[in-house]
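What would the 3D arrangement of this be:
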Amino acid sequence: MDFGIAGVAAITVIAYLIGQGVKASGLANKWIPIICGIAGLVLGIAAMYVMPDFPARDPITAAAVGAVSGFAATGVNQVAKQAKKED
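Numbers count the residues shown, from 1 in each chain. Next up is the predicted model:
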């Protein structure tokens, strides 16, 4: 299978779902971005070994790509929140 950049989007989606789970658990919201970033970091390293076309070839770059994707999940959440807000 040829995943390529779709693997990065998958990390963002999984990190977003993890963030929603943390939110539902009652843990303080201040921890959600950190947990999403760490989840993305771990998923990025795993993806490097599992996905042949993942855009990173070494663990440091894979960790960075994953962490940024994890942090992007919190940004996606904020965009959705702001879109729902009424001025």
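
Can you tell me the centre-most residue of the protein?
Gly70 (2.4 Å; Cα atoms, centre = their mean).

And for it, nearest residue in space, chain neighbours not counted?
The shortest distance from Gly70 to any non-neighbouring residue, by Cβ to Cβ, 6 or more residues apart in numbering, is to Gly40 (2.1 Å). C-beta coordinates here come from the backbone N, C-alpha and C atoms, glycine included.

so what's the one you found up against?
By Cβ atoms under 8 Å, 6 or more residues apart in numbering, the contact set of Gly40 is Ile11, Thr12, Ala15, Gly66, Ala67, Val68, Ser69, Gly70, Phe71, Ala72, Ala73.

Thr12 now?
Contacts for Thr12 (Cβ under 8 Å, 6+ apart) come out as Gly40, Ser69, Gly70, Ala72, Ala73, Val76.

Per-residue pLDDT of the residue nearest to the centre of the chain, please?
The score at Gly70 is 94. That number is its pLDDT.

what's near enough to touch it?
Ile11, Thr12, Ala15, Cys36, Gly37, Ile38, Ala39, Gly40, Leu41, Leu43, Gly44.

Quick check: which element contains the last one?
When elements are assigned from DSSP states H and E, Gly44 belongs to helix 32-50.

send the alpha carbons of that helix over as CSV?
Once non-C-alpha atoms are left out, helix 32-50 reads as follows in CSV (Å, rounded to 0.1, in the frame of the first residue of the first chain):
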residue,chain,number,x,y,z
ILE,A,32,-4.8,17.8,26.0
PRO,A,33,-2.2,19.5,23.7
ILE,A,34,0.7,17.8,25.5
ILE,A,35,-1.0,14.4,25.4
CYS,A,36,-1.8,14.9,21.7
GLY,A,37,1.8,15.9,20.9
ILE,A,38,3.2,12.9,22.7
ALA,A,39,0.7,10.6,21.1
GLY,A,40,1.7,12.0,17.7
LEU,A,41,5.4,11.6,18.5
VAL,A,42,4.9,7.9,19.3
LEU,A,43,2.7,7.3,16.3
GLY,A,44,5.2,9.1,14.0
ILE,A,45,8.0,6.8,15.1
ALA,A,46,5.7,3.7,14.7
ALA,A,47,4.6,4.9,11.3
MET,A,48,8.2,5.2,10.1
TYR,A,49,8.5,1.4,10.6
VAL,A,50,5.1,0.4,9.5
